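Peer 1: The following comprises the amino acid sequence and a computationally predicted model.
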Amino acid sequence: MKRPLRERAVFRVAAAAGAALILAWSFGGQMRLGRIDPALALPWLALPALLLAWSQRHDTQPARRRLIVLTLAVIVIAQALLASGLSARPPWLQLGLVACAWLVAAALADALVQWRRGRVPGLLFALLLVAGCFTGSHALLAALYRQPAASGPPATMLTGLPLRWSAGTDLSAMLAEGLNEDPALARLRAEGPLRLVDSLVDHPPPPGGTLVLAHPRALAPQELVAIDTWVRAGGQAVVLADALTGWPMRHPVGDPRNPPVTSLLTPLLDHWGVTLAAPDEADRRAVPADVDGARLTLFSPGRFTRLPQECAAYADRRIARCPIGRGMVWLVGDADLLYAPLWRPQPDRAAHLRQADTMEWLAAHLWAAPQPLLQPLWIRAPAK
């Protein structure tokens, strides 16, 4: 008699824990987003908790509690093994959150099943439990993953990308619609103080501020000299230089309102001892790039084939950090980094469902923005 009871207990634990892991992988976003965050299981824990509570509805209270704890142990150990094997960051904080959430969901599910045992109206309360767990967990995770807004001197951006008037097709339509910022620009403004300028000679970065060169149009020699002088004097800069941009063209080919097809910063990069090679035109695809634990998504990026010895290269030389004089420059061989479909969460306010750390990475380097409590555990990109 003892053996069948033990086998049934093992089956119940395996079924509930397996359901939690499968739901997190399939519907929680782990597979779709390329992440192994244990916290993504939170919105789905009520379903396996109800499954376990119903399967042991006739057991004694001590027996039910033992299986709840055993199921928790299986979930935590499995998630810990997956995270340690697939990601570069430890998942301890997320595992603690999952443990607390499971105990709460399992206790509520057990109380509900015992209270409404054998009565059909209990289904309504079960649905309410699942819905409450789902919405409450998503709201909690969005807050825990959201990066706090930064302060400090404004970052100065010079760009040739269509980040303003992004939805307009002609001047009259744009004037009628009003300012319509690209999601990347709107997000950067939400992350910290930012100003867009047309000339660094007339509008240099303020003391302590950071410069962003996002695939700008052709710059006059005095502009290039101003950039080089400012960086060498101790300035910090992020440079997006795309050898072959994939940014959508909203106007006919050759229209100056389109972003430059290729980087026009070659004279500045040459002066810094940097050479950017164009990608194969047939290789037009999204490429994951890991930089110090952050996941960036590039699209057909170029490679820096020549870098000063002092530079640190990342992601197969697609990204580099170089000291220039007393300053520091981050070089990214891709302007499509800012293209919203490559990083934007779905839905937009769900910070915990983001596809990349692009905006968080930029905010950290533009304003030294504080880190959120929870960060994505990205599945390591395959080595090149």
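Peer 2: That came through fine.

Peer 1: where do the helices sit along the stretch 151-300 of the chain?
Peer 2: According to DSSP state H, counting those that start in this stretch, the stretch 151-300 of the chain carries its helices in the segments 171-177, 183-191, 221-232, 266-271.

Peer 1: Export those helices as CSV, with columns for distance to P207.
Peer 2: Just so you know, the C-beta spots here come from the backbone N, C-alpha and C atoms, and that holds for glycine as well. Below are the helices of the stretch 151-300 of the chain laid out as CSV (distance: least, CB to CB, whole Å):
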stretch, distance to P207
helix 171-177, 35
helix 183-191, 21
helix 221-232, 11
helix 266-271, 22
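
Peer 1: what's near enough to touch the residue lying closest to L373 once chain neighbours are set aside?
Peer 2: Using CB to CB, 6 or more residues apart in numbering and skipping residues adjacent in sequence, the residue nearest L373 is L144, 4.8 Å away. Contacts for L144 (CB atoms under 8 Å, 6 or more residues apart in numbering) come out as A39, L97, H352, P372, L373, L374.

Peer 1: what's the closest of the helices of the stretch 151-300 of the chain to A364?
Peer 2: helix 183-191 (9.5 Å; CB to CB).

Peer 1: mind giving me the domain ranges of this protein?
Peer 2: Residue ranges for each domain of the chain read 2-145, 155-367, as given by automatic domain parsing.

Peer 1: Mind putting those into JSON lines with distance to W378 and mean pLDDT?
Peer 2: Below are those laid out as JSON lines (distance: least, CB to CB, whole Å; pLDDT from 0 to 100):
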{"stretch": "domain 2-145", "distance to W378": "6", "mean pLDDT": "90"}
{"stretch": "domain 155-367", "distance to W378": "4", "mean pLDDT": "87"}
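
Peer 1: To I379, which of those lies closest?
Peer 2: domain 2-145 (4.7 Å).

Peer 1: from the chain's centre, how far out does that closest one sit?
Peer 2: In terms of CA atoms, centre = their mean, to the nearest Å, the centre of domain 2-145 is found 25 Å from the chain centre.

Peer 1: before we move on, what about stretch 365-373?
Peer 2: On the basis of CA atoms, centre = their mean, stretch 365-373 sits 13 Å off its chain's mean C-alpha point.

Peer 1: Equivalent analysis for stretch 284-295, please.
Peer 2: Remark: stretch 284-295 is offset 10 Å from the chain centroid, using CA atoms, centre = their mean.

Peer 1: And the furthest pair within the contacts of L144?
Peer 2: Spatially, the most separated pair among the contacts of L144 is L97 and P372, at 13.2 Å (CB to CB).

Peer 1: Neighbour count: those two, which is higher?
Peer 2: Remark: of L97 and P372, L97 carries more neighbours, 21 against 16, as counted by other CB atoms under 10 Å.

Peer 1: got the contact list for the more buried one?
Peer 2: Contacts for L97 (CB under 8 Å, 6+ apart) come out as P38, A39, L42, L144, L374.

Peer 1: Next step: these restricted to strands.
Peer 2: Of the contacts of L97, none are assigned to strands by DSSP state E.

Peer 1: and the two most separated of the residues you listed?
Peer 2: Comparing every pair within the contacts of L97 by CB to CB identifies P38 and L144 as the most remote, at 12.6 Å.

Peer 1: picking that back up, would you turn the domains of the chain into JSON lines with distance to R380?
Peer 2: JSON lines is the format used below for those (distance: least, CB to CB, whole Å):
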{"stretch": "domain 2-145", "distance to R380": "6"}
{"stretch": "domain 155-367", "distance to R380": "7"}
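
Peer 1: Quick one, which of those gets closest to A381.
Peer 2: With CB to CB as the measure, domain 155-367 is the member of the domains of the chain nearest A381 (4.2 Å).

Peer 1: Tell me the gap between the closest one and the middle of its chain.
Peer 2: Centre-to-centre, domain 155-367 and its host chain are 17 Å apart (CA atoms, centre = their mean).

Peer 1: that older thread, the residue nearest to L373 and A24, how far apart?
Peer 2: 16 Å (CB to CB, to the nearest Å).

Peer 1: Also R321?
Peer 2: R321 sits 35 Å away from A24, going by CB to CB.

Peer 1: for E7, same thing?
Peer 2: Computed as CB to CB, the E7 to A24 distance reads 26 Å.

Peer 1: same check, this time on I227
Peer 2: 46 Å.

Peer 1: residues touching the closest residue to G209 other than its chain neighbours, list them.
Peer 2: Using CB to CB, 6+ apart and skipping residues adjacent in sequence, the residue nearest G209 is P153, 3.9 Å away. By CB under 8 Å, 6+ apart, P153 lies in contact with P193, P205, P206, P207, G208, G209, T210.

Peer 1: Greatest separation within these: which pair is it?
Peer 2: Using CB to CB, the contacts of P153 span at most 13.8 Å, a distance reached by P193 and P207.
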